[in-house]
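Engineer: give me the fold of what follows.
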Amino acid sequence: MAYDTLIIGAGMSGLAAGIRLAQFDRRVLVLERHSLWGGLNSFYKLKGRPFDSGLHALTNFVPKGTAGVPLTRALRQLRIGYDELKLGQQGHSEIRFDGRLLKFTNQPEVFFGEVAREFPEEIDGLRRMVHEFAPYDAVSIENADSSAREQLQRYVRAPELIEILMLPTCIYGSAREDDLDWDQFQILFRALFLEGFSRPEGGVRTLLDLLVKRFRKVGGELRMNSGVQSILVRKGTAIGVRLDSGEELLAERVFSSAGHAETLRLIHGQDNSEHRAAGDASAGAARLSFFEAISVLDTLPANLGIDSAVTFFNHGQEFRYRRPKTPIDVQSGVICSPNNFERCELSEGFVRFTALANHAHWRNLPEPEYVAQKQICADQMLASATAAMPALGAIGAHSLMRDTFTPRTIEHYTGHVGGAVYGSPVKCRDGRLGVERLALIGTDQGMLGIVGALLSGITIANQQALMEAAR
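Structural biologist: Residues are numbered from 1 along each chain as shown. The predicted model follows:
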């Protein structure tokens, strides 16, 4: 049975691309290896409790009706109503960096005021930088790469402020060690500080269920537990896929959200995970993964003095953003509580801790050692986070349970080699992989965050299917 488009992966970008194409009467099938949709941003239940994986916050928040911004563009293209997201704004978030505290909200002037207080000589340069962002098209696939660290020096002279700005932007989107592309820095700075954080009531599942409902409503087909073994190519053109079951499906084109290296492996049938896991930088190896622990409390975090939605922290004057030599790197990390967003439906307290991790360490641990190591690292992370935010010291007395996941978990559920959350540092901006009628969408196409993932699927669908058909 032939389709117009087969899409590998039922994450944000795959579902968005599927909706966009099905809206124009294309026959679209989305294939997902696992039993739940979402990919990097999904959900699960454990002991009857709902958990989000991936989503700390939905960035790019804007009020309803704001024109010309990523969130509004994505919703318009998908024909999803703003109110359907049931967004609850953050109260505030913060950066705790070597003894400094800078808060930010969904009002940009709050962050500018914090910078002016801590770095009065730098605020003019920061405002000039933001002013030069103004004509920038954050969703263009023509954006050129350059070093954010180098570009920041044009505006900011204080090395510590540069490190402070790199901390949240790297952790929320960079696949490059100790740096990120300048165009991606602009996207992330805008998403975090000029637009802001929110959370759908009900967590990431609210958004995912909206996407699945919309996809099915416009005639799209979704098949779960249907892993793709290979992409079928004939005379340089993608013609379909072969599933793990051996079934072959034919289509006019194939979109893949599996990742750059992972998609090439589906084409050529070569498992190059070993050399990429070893960190071959010359091959554009993906090296950055994370460890996370989620604590469930018998009280709301705000009752313990933990009132920020998201806290980025770093010990010392240098922000170290690279694959650690140890199992995890607790010098820096993220603390997040979904309870500290408006419209939160959770009756128990949830606090999430995230830190950089070494995939190679976790990959081959025997199961008993793996389980024990997770608990050790979760304790180390809590101790480091408590040093940055002392109120966390009260968590132990109120803990009901704790769940953890590692780079091995991420690799299993996403298929990303090395558990690389943000994929390869080499992005494929136009989605083209050298095979006709095959396009890359998602993380390795280069757009960032949940809204960026939606726009990735939409943009490539528009340019490589709808516009091409119109021509």
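
Engineer: what about the helices in the stretch 151-300 of the chain?
Structural biologist: Taking DSSP state H, counting those that start in this stretch to define them, one finds helices in the stretch 151-300 of the chain at 159-171, 182-189, 204-217, 260-268, 273-277.

Engineer: can you tell me which of the ones you listed is most buried?
Structural biologist: Mean neighbour count (mean count of other CB atoms under 10 Å) peaks for helix 182-189 among the helices of the stretch 151-300 of the chain, with a mean of 24. Any C-beta I mention is one placed from the backbone N, CA and C, and that applies to glycine too.

Engineer: now for that one, which elements pack on it?
Structural biologist: Helices and strands touching helix 182-189, as assessed by 3 or more CB pairs under 8 Å, 6 or more residues apart in numbering; DSSP states H and E, comprise helix 123-133, helix 148-152, helix 159-171, helix 449-461.

Engineer: now the angle from the third one to helix 123-133?
Structural biologist: Looking back up the chat, that one is helix 159-171. For helix 159-171 against helix 123-133, the angle by axes from the mean of the first three to the mean of the last three CA atoms, to 10 degrees is 40 degrees.

Engineer: what is helix 159-171 packed up against?
Structural biologist: Using 3+ CB pairs under 8 Å, 6+ apart: helix 159-171 touches strand 93-97, strand 100-104, helix 148-152, helix 182-189, strand 310-314, strand 328-336.

Engineer: isn't residue 359 right up against residue 412?
Structural biologist: No - applying CB atoms under 8 Å as the test, residue 359 and residue 412 come out as separate, 11.6 Å apart.

Engineer: so those two - more neighbours on which side?
Structural biologist: Higher neighbour count among residue 359 and residue 412: residue 359, with 26 against 14, using other CB atoms under 10 Å.

Engineer: any chance you could read off phi and psi for residue 76?
Structural biologist: When read as degrees, to the nearest 10, the backbone of residue 76 gives phi -60, psi -40.

Engineer: now do the contacts for the residue nearest to residue 388 when sequence neighbours are not counted.
Structural biologist: Nearest residue to residue 388, sequence neighbours excluded (CB to CB, 6 or more residues apart in numbering): residue 313, at 3.7 Å. Going by CB atoms under 8 Å, 6 or more residues apart in numbering, residue 313 touches 95-97, 332-335, 384-385, 388-389.

Engineer: which other helices and strands does the longest helix anywhere in the chain contact?
Structural biologist: Taking DSSP state H as the criterion, the chain has its longest helix at helix 367-388. For helix 367-388, the packing partners by 3+ CB pairs under 8 Å, 6+ apart come out as strand 289-297, strand 310-314, strand 328-336, strand 349-357, strand 399-405.

Engineer: can you list the domains in the protein?
Structural biologist: 2-55+203-282+426-470, 88-200+287-413 (automatic domain parsing).

Engineer: show me the one of the ones you listed that comes nearest residue 61.
Structural biologist: Nearest of the domains of the chain to residue 61, taken as CB to CB: domain 88-200+287-413 at 4.0 Å.

Engineer: and residue 322, how far is that from residue 148?
Structural biologist: Going from residue 322 to residue 148 by CB to CB, to the nearest Å gives 15 Å.

Engineer: check residue 353 too.
Structural biologist: For residue 353 relative to residue 148 (CB to CB), the value is 26 Å.

Engineer: again, but for residue 115
Structural biologist: Noted for residue 115: a distance of 17 Å to residue 148, by CB to CB.

Engineer: same thing with residue 251?
Structural biologist: Computed as CB to CB, the residue 251 to residue 148 distance reads 38 Å.

Engineer: residues in contact with residue 90?
Structural biologist: Listed by CB under 8 Å, 6+ apart, the contact set of residue 90 reads 57, 61, 105-106, 196-199, 309-310, 340-342.

Engineer: switch to 6 Å and redo it
Structural biologist: Each residue near residue 90 by CB atoms under 6 Å, 6 or more residues apart in numbering is listed here: 197, 309, 341.

Engineer: phi, psi of it?
Structural biologist: phi -70, psi 150.

Engineer: hang on, the earlier thing: so between residue 251 and residue 148, which is more surrounded?
Structural biologist: More neighbours surround residue 148 than the other of residue 251 and residue 148, with 25 against 22 (other CB under 10 Å).
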